[in-house]
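Asks: A predicted structure for the sequence below; I have some questions about it.
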Amino acid sequence: KLSKRLGAVAAFIPNGTKIADIGSDHAYLPCYCVKHGIAREAVAGEVADGPYRSARRQVEQLGLAGKISVRKGDGLDVLSPGEAECITIAGMGGALIASILERGKEKLTGTKRLILQPNVGSLFVRKWCVENGWVIIGERILEEDGKIYEILAADAEARPQNLTEAELMMGPILIKENNAAFRKKWQSEKRKWQHILRKMSEAEPSPELEEKKSHYRHLIALAEEV
Ligand code: SAM
């Protein structure tokens, strides 16, 4: 059984596609998807030796080696162009996810969907999508084991997508949905920023400090706006 978080990633996979899961660790996601017929075939990519070996072990133990190719390498290096119709990257920071996509851009021709689950910094992921012609078609936010996770699905579509600053930060679909996990996340972020502001007010005033303070005031205003 998959975690709620990876289950939400799997729910965005178009049925019967060939997927690539980058940073697969134990290859839980590709194993589950191939076993349950969600994915036809899969590539599991891992850059680190330990996780790469546990992915291999998992795939072999489940007898899925014929359908899941476990490969060692950095980001999308493990793929040939267009090899995967759907690419999943989960459980990393948003800046790292964006840099993996940016560095592997030429491998994305023919890929139809990206499913991205940044642990933090989903802003970087949305920015990359908007700047590179990936339209955000689905988003989810959920709480599991006391942590809040965001999942983004983006399709290669030739239509413009304009997101406001608030939408880039908090997610256009998540803002509309405005569920309990979403409110909890941004209330807690807001409290963090307010705390930082209070600490800054105790420090020696300087132009740099004023600039930082107005940055945090701006973030608080954005969160309050929604
Ligand atoms: N995707 C799984 C999940 O969501 O449960 C595993 C997440 S785990 C916290 C992150 C994995 O990404 C680690 O196993 C790490 O080795 C791998 N990773 C980090 N940077 C990577 C890169 N540039 N290319 C491939 N894998 C990477």
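Replies: That came through, no problem. Numbering: from 1, shown residues only.

Asks: Which secondary structure element is home to Tyr216?
Replies: helix 207-225 (DSSP states H and E).

Asks: Okay, buried residues for that helix please.
Replies: Lys213, Tyr216, Leu219, Ile220, Leu222, Ala223 (16 or more other CB atoms under 10 Å). C-beta here means a position set from N, CA and C on the backbone, and glycine is covered the same way.

Asks: Could you provide those in TSV, with additional columns for pLDDT and distance to the ligand?
Replies: Shown next, in TSV, are the buried residues of helix 207-225 (pLDDT from 0 to 100; distance: CB to the nearest ligand atom, whole Å):
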residue	pLDDT	distance to the ligand
Lys213	95	34
Tyr216	96	29
Leu219	96	26
Ile220	97	30
Leu222	95	28
Ala223	94	26
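
Asks: what does the longest helix along the chain contact?
Replies: The longest helix of the chain (DSSP state H) is helix 180-202. The contact list for helix 180-202 (CB atoms under 8 Å, 6 or more residues apart in numbering) reads 141-143, 148, 170, 174-175, 209, 212-213, 216-217, 219-220, 223-224, 226.

Asks: go again using 6 Å as the cut-off
Replies: Identification of contacts with helix 180-202 by CB atoms under 6 Å, 6 or more residues apart in numbering yields Ile141, Leu142, Glu143, Ile148, Leu174, Leu209, Lys213, Tyr216, Leu219, Ile220, Ala223.

Asks: Which two of those residues have the greatest separation?
Replies: The span of these, defined through CB to CB, is set by Leu142 and Leu209 at 36.9 Å.

Asks: what's the neighbour count on Leu116?
Replies: 29 (other CB atoms under 10 Å).

Asks: mind checking how far it is from the ligand?
Replies: 11 Å (CB to the nearest ligand atom, to the nearest Å).

Asks: With Ala98 instead?
Replies: Distance from Ala98 to the ligand, by CB to the nearest ligand atom: 12 Å.

Asks: cool, and Ala65?
Replies: In terms of CB to the nearest ligand atom, Ala65 sits 19 Å off from the ligand.

Asks: Any idea how far the longest helix of the chain is from the middle of the chain?
Replies: Distance, stretch centre to chain centre, for helix 180-202: 22 Å (CA atoms, centre = their mean, to the nearest Å).

Asks: List the contacts of the helix holding Tyr216.
Replies: Here helix 207-225 has contacts from Ala166, Trp186, Lys190, Trp193, Ile196, Leu197, Met200, using CB under 6 Å, 6+ apart.
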